[in-house]
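# got a predicted model here, sequence first, then my questions.
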Amino acid sequence: FPFTKTHTWLVIHRLNYRIDSDWKLGAEFRQLTQQEARDVKRGFLLELARSMGPHAELGVGYNFTAFNDDLTALSYAAQGPFVRMTGKVFDRTPDEIARSRQKWLNDRIHAWAWEMIDQELSKPNSPILSELNEMFAMAQVAANNQDYEKSHNIYRDIITASQMMLEEAVAYIRGQVSKEEQLKQMKAQADQYFKNGEYEKARKILEKIVEDAENGVIE
């Protein structure tokens, strides 16, 4: 057949709801219009995506439309579940990259700290949970006796104790992250020595790593 010029338009409106720093829920409304055929198809899809770091995210979802965003695919059989990997490329300076990584690491450290606290408070014999429960009970008794100043002070102490617990968990995790970075640097240096044929220097570094691990310096 001779070449025929056509006009096909795909319009996508997307709305994302960020659940937390790692997860987001997305919804898309799609409209495919073929001008010459006077054909209009509409539909929507849902997607749950998880961040895989600052440069990628992995999503799974369900396409409720019969078409996809590949305008050369004319089978109209795209309806159903799908998996999508999305990459991100940033034109940033080294300082911006370092700040972005530091922000991401800070967010992860605080998330790990909350996980540690949750694990501690989930223990049936947790002394910290017992102490907090006693403080809550004392505050409630003071409030029932209309001693609101005492109740206020106890609640303030509970908040202070919680903040201190979070700060201690964050400091501990930061220490572990720092040790891990040092371990990676030592391992990289040992690999370089080994590559250059300096086996004695590589052996000393690896022995130091093992010694630190045995002494509990590296957990």
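Ah, there it is.
# contact partners of the lowest-mean-pLDDT helix or strand in the chain?
The weakest-scoring helix or strand in the chain, judged by mean pLDDT, DSSP states H and E, is helix 199-214 (a mean of 82). Under the criterion CB atoms under 8 Å, 6 or more residues apart in numbering, residues 183, 186, 187, 189, 190, 191, 193, 194, 218 lie in contact with helix 199-214. From N, CA and C alone the C-beta is placed, and that goes for glycine too.
# and which of those is nearest residue 142?
Minimum distance to residue 142 across the contacts of helix 199-214 is 46.6 Å, recorded for residue 218 (CB to CB).
# per-residue pLDDT of the closest one, please?
pLDDT for residue 218: 52.
# next, residue 81: phi, psi?
Per-residue torsions, residue 81: phi -70, psi 160 (degrees, to the nearest 10).
# hey, what's it bridged with?
residue 62 (DSSP bridges).
# hmm, residue 59 and it touching each other?
No. With contacts counted by CB atoms under 8 Å, residue 81 stays clear of residue 59, the gap being 11.2 Å.
# neighbour-wise, which of those two wins?
Per other CB atoms under 10 Å, whichever of residue 81 and residue 59 has more neighbours is residue 59, with 16 against 8.
# which SS class is that one?
The local conformation at residue 59, judged by DSSP: H, G, I helix; E, B strand; the rest coil, is strand.
# got the contact list for it?
Taking CB under 8 Å, 6+ apart as the criterion, residue 59 is in contact with 26, 47, 48, 49, 50, 83, 84, 85, 86.
# residues in contact with the last one?
Each residue near residue 86 by CB under 8 Å, 6+ apart is listed here: 49, 56, 57, 58, 59.
# report the rounded mean pLDDT for the longest helix anywhere in the chain.
For the chain, the longest helix by residue count, based on DSSP state H, is helix 148-195. Averaging pLDDT along helix 148-195 yields 89.
# for that helix, which helices and strands make contact with it?
Applying 3 or more CB pairs under 8 Å, 6 or more residues apart in numbering; DSSP states H and E, we find helix 148-195 packed against helix 94-122, helix 127-144, helix 199-214.
# so residue 25 is in contact with residue 47, correct?
Yes. With contacts counted by CB under 8 Å, residue 25 reaches residue 47, the gap being 7.4 Å.
# more neighbours: these two, which one.
Taking neighbours as other CB under 10 Å, residue 25 and residue 47 compare with residue 47 leading, 20 against 15.
# related to what we said a few turns ago, go through the contacts of residue 86 and say which is closest to residue 34.
Using CB to CB, the contacts of residue 86 come closest to residue 34 at residue 59, 27.9 Å.
# for that closest one, which non-adjacent residue is spatially closest?
Nearest residue to residue 59 in three dimensions, chain neighbours excluded: residue 49, at 3.5 Å (CB to CB, 6 or more residues apart in numbering).
# got the contact list for stretch 31-39?
6, 7, 8, 9, 10, 11, 40, 41, 42, 65, 67.
# after whichever strand or helix holds the fifth one, which helix or strand is next?
Following DSSP states H and E, the helix or strand that holds residue 10 is strand 8-18. Stepping forward along the backbone from strand 8-18, the first helix or strand reached (DSSP H and E) is strand 23-34.
# and that next one, which strands flank it?
Neighbouring strands of strand 23-34 in its sheet, by DSSP bridges, are strand 8-18 (antiparallel), strand 39-51 (antiparallel).
# any idea which of those gets closest to residue 161?
strand 8-18 (30.6 Å).
# sounds good, over and out.
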